[in-house]
Structure formats: structure tokens, C-alpha cells
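Trainee: Sequence first, predicted coordinates after that:
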Amino acid sequence: MLEHILIALALAMDCFAVSVVCGVLIRKWDSILALRLAFFFGFFQALMPLIGWALTTHFSQYLEAIDHWIAFGMLGFIGGKMIIDSFKAEDESHLDPKDAKTQLALAVATSIDALAVGITYACTGYNSLGSISLPLGIIGLVSFLMSLLGFKLGVRFGEVVIKKIRPEFLGGIILIGIGVRILIEHLSA
């Protein structure tokens, strides 16, 4: 059980960081928005290992070869857009964390590396849906809770951040950093 919680916490760190950035950008608590964001993060953090586990027997060598590039590309694109938008005037369009499509893209991008966890589960004896359901539930719940916490902290301390740095610029740097970390971890493994 402890092993599952530690894996879930490790996977949830990207959700937490992105949720903090979303809270900084939004600057006020919105329960519906926070719950939707947390739901997307929790759902995709649990779904990706399930997909990795299910596809392992047929496609693992193909997914392992490109999953880090997909995550890097998506996070780099979204982060780059945020950095560019940070230099635009306030009234110009920018990345909107309130938009469900944006939240969905962030959730998918930060959860792609969780495919590898599913592959690991398949290779370590989780041979039925019943046996993998507990770890997936823990991953989803921990990601959900960490996302809520991150959003709350971003809202709470966002004013301090906004006075010192452009939040979209900071968010873009964080997303690109997460993408680079994923890429380096997979290429050096």
C-alpha cells in the first residue's frame, strides 16, 4: 500500500505544479473550476497507467519509445505559448486555465509519463483488472487531492507571485521544465 501511495505522490507532482500555476493565473478561489481541474488531473493520472497496462502485451516497445517525446512536445508547446502570451497586453488572448479544453490538454500532457507506470505494473504481476484497480484508484485520488491543494496554494499566494513575476511566464517555464525533465529521465534510462 505504501508503495502505491509513493508512486501516486510522484505522479501527482506535475499535477500539483501545474495546478499552482493555474491558481496563480486565476487569482481567486472557484470551487467548480478547482474541482474540474482536479478531476481531469486525477482521471488522466489513473487512466494512463491503465492504458499502459492494457497495451503492454502488444505495443509496449512502441509506446515506450515515444511517450516522453509526446509529453515533451505537448508541455513545450503549451509552455511556449504561455511565455509568448506573457509579453502580450492584458486584454490580448492568453492561455486560459478556466477553459475546459486547456485543462484537458494540461491533464493529458502531465499524465503521459504515467503510461510507463502501467507498463511496470503489467511486468510486475498485475495480471487482471481487479489487481490493478487499487493502485489506479490511489493514483487518481492522490492526483485529485494534490491538484486541489496546488490550486488553493496558487490562489492564496498568487498575489505575491504576480507582483514579482509574470505568472504566465513562470507557468510556461514550469511546464517546459516538466517536459524537459520527462525527456531527460526517459532518454537517460
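Mentor: Received, thanks.
Trainee: Can you spell out which helices and strands pack onto the longest helix along the chain?
Mentor: The residue-count maximum for a helix in the chain (DSSP state H) belongs to helix 31-86. Contacts defined by 3 or more CB pairs under 8 Å, 6 or more residues apart in numbering; DSSP states H and E place helix 31-86 against helix 2-26, helix 100-111, helix 115-123, helix 129-164, helix 167-187. Placement of C-beta: from N, CA and C, glycine included.
Trainee: And the contacts of the third one?
Mentor: The contact list for helix 115-123 (CB atoms under 8 Å, 6 or more residues apart in numbering) reads 7, 11, 48-57, 60, 63-64, 67, 132, 135, 139, 186.
Trainee: Next up, the contacts around the residue positioned nearest the centre of the chain.
Mentor: For the chain, the residue sitting closest to the mean C-alpha position, by CA atoms, centre = their mean, is Thr110 at 2.8 Å. By CB under 8 Å, 6+ apart, Thr110 lies in contact with Asp14, Cys15, Val18, Phe41, Phe44, Gln45, Ala71, Leu75, Ile178.
Trainee: Distance check, Ala65 against Ile178.
Mentor: 20 Å (CB to CB, to the nearest Å).
Trainee: hmm, back to that, what pLDDT is listed against the residue nearest to the centre of the chain?
Mentor: Among the per-residue scores, Thr110 shows a pLDDT of 86.
Trainee: re the thing from before, between the helices and strands packed on helix 31-86, which gets nearest to Met82?
Mentor: helix 167-187 (3.4 Å; CB to CB).
Trainee: The residue nearest to Met13 when sequence neighbours are not counted: how many residues sit nearby?
Mentor: In space, and not counting its chain neighbours, Met13 is closest to Met146: 7.5 Å by CB to CB, 6 or more residues apart in numbering. By other CB atoms under 10 Å, the residues close to Met146 number 24.
Trainee: Check the gap between Met146 and Val155 for me.
Mentor: Counting by CB to CB - Met146 and Val155 are separated by 15 Å.
Trainee: got it, and Asp113?
Mentor: From Asp113 across to Val155, the span is 27 Å (CB to CB).
Trainee: Looking at the two, which is more packed in?
Mentor: Counted by other CB under 10 Å, Asp113 and Val155 do not tie: Asp113 has more neighbours, with 26 against 21.
Trainee: got the contact list for the more buried one?
Mentor: Counted by CB under 8 Å, 6+ apart, Asp113 has contacts Leu11, Asp14, Met48, Asp67, His68, Ala71, Ile182, Glu185, His186.
Trainee: Swap in 7 Å and give it another go.
Mentor: Counting by CB atoms under 7 Å, 6 or more residues apart in numbering, Asp113 makes contact with Asp67, His68, Ala71, Ile182.
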